[in-house]
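Peer 1: predicted coordinates and the sequence they were generated for:
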Amino acid sequence: KKRDIWEGGHRIPFIARWPGMIEAGATNRQTICLTDLTATAAEISNAELPKNAAEDSYSILPALTGDAKTPIREATVHHSSNGVFSIRKGNWKLIVGRGSGSNNYKDWKPTTNSPSGQLYNIAADISEKENVYSDHPATVTELTELLERYKKQGYSRPMQ
């Protein structure tokens, strides 16, 4: 469900067709967001966005054309309908809270010993079944600090 913070609530395919620009049958593993369409449309049309506009939008044009050699985004922030944040960087996804952030699933019950957050290696555990929050404190700290920086400054992409 799209209101949850877990991967199933956010992971969807993106299909693009642009003869002469996008190679037919090409695939790309970049993490992108719907917000990225604003910066992408601006780049395609040579429009300059106001400095305070689309502050979380990255142009995905390099990913579409196959020119992206490194990740387009430093990290991706997600937000559930009940206000739970998560941040994904590389293969790591940190959820700042317990549960899905929206639905109260009967099969997910934190115990008193459960950590206060969730950390998953999405490459190894796309179903988010193994919470490794307690096993990787440095990763939890890094992602928490990055999310807090984004929240404090009010944007996630570098501002020119």
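Peer 2: Sure thing, it's come through.

Peer 1: what kind of secondary structure is residue 93 in?
Peer 2: In three-state terms, and counting by DSSP: H, G, I helix; E, B strand; the rest coil, residue 93 is strand.

Peer 1: so what's the residue nearest to the spatial centre of the chain closest to, chain neighbours aside?
Peer 2: In the chain, the centroid-proximal residue (C-alpha atoms, centre = their mean) is residue 76; its distance is 3.0 Å. Among residues not flanking residue 76 along the chain, residue 88 sits closest, at 4.7 Å (C-beta to C-beta, 6 or more residues apart in numbering). Quick note: C-beta positions are derived from backbone N, CA and C, even for glycine.

Peer 1: thinking the one you found is in contact with residue 78, fair?
Peer 2: Yes: here residue 88 reaches residue 78: they are 7.1 Å apart, a contact under C-beta atoms under 8 Å.

Peer 1: the residue nearest to the centre of the chain and residue 114: what is the separation?
Peer 2: Relative to residue 114, residue 76 is positioned 25 Å away (C-beta to C-beta, to the nearest Å).

Peer 1: kindly export the longest helix seen in the chain (C-alpha atoms) in PDB.
Peer 2: Counting residues, the longest helix found in the chain (DSSP state H) is helix 137-153. Extracted as PDB, the C-alpha positions of helix 137-153 are listed here (Å, rounded to 0.1, in the frame of the first residue of the first chain):
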ATOM      1  CA  PRO A 137      24.900   1.300  14.500                       C
ATOM      2  CA  ALA A 138      27.300   3.300  12.300                       C
ATOM      3  CA  THR A 139      24.900   3.000   9.400                       C
ATOM      4  CA  VAL A 140      21.900   4.000  11.600                       C
ATOM      5  CA  THR A 141      23.800   7.000  12.800                       C
ATOM      6  CA  GLU A 142      24.900   8.000   9.300                       C
ATOM      7  CA  LEU A 143      21.400   7.800   7.800                       C
ATOM      8  CA  THR A 144      19.800   9.400  10.800                       C
ATOM      9  CA  GLU A 145      22.200  12.400  10.600                       C
ATOM     10  CA  LEU A 146      21.600  12.700   6.800                       C
ATOM     11  CA  LEU A 147      17.800  12.600   7.200                       C
ATOM     12  CA  GLU A 148      18.000  15.200  10.000                       C
ATOM     13  CA  ARG A 149      20.200  17.500   7.800                       C
ATOM     14  CA  TYR A 150      17.700  17.200   4.900                       C
ATOM     15  CA  LYS A 151      14.800  18.000   7.300                       C
ATOM     16  CA  LYS A 152      16.600  21.000   8.900                       C
ATOM     17  CA  GLN A 153      17.700  22.600   5.600                       C
END
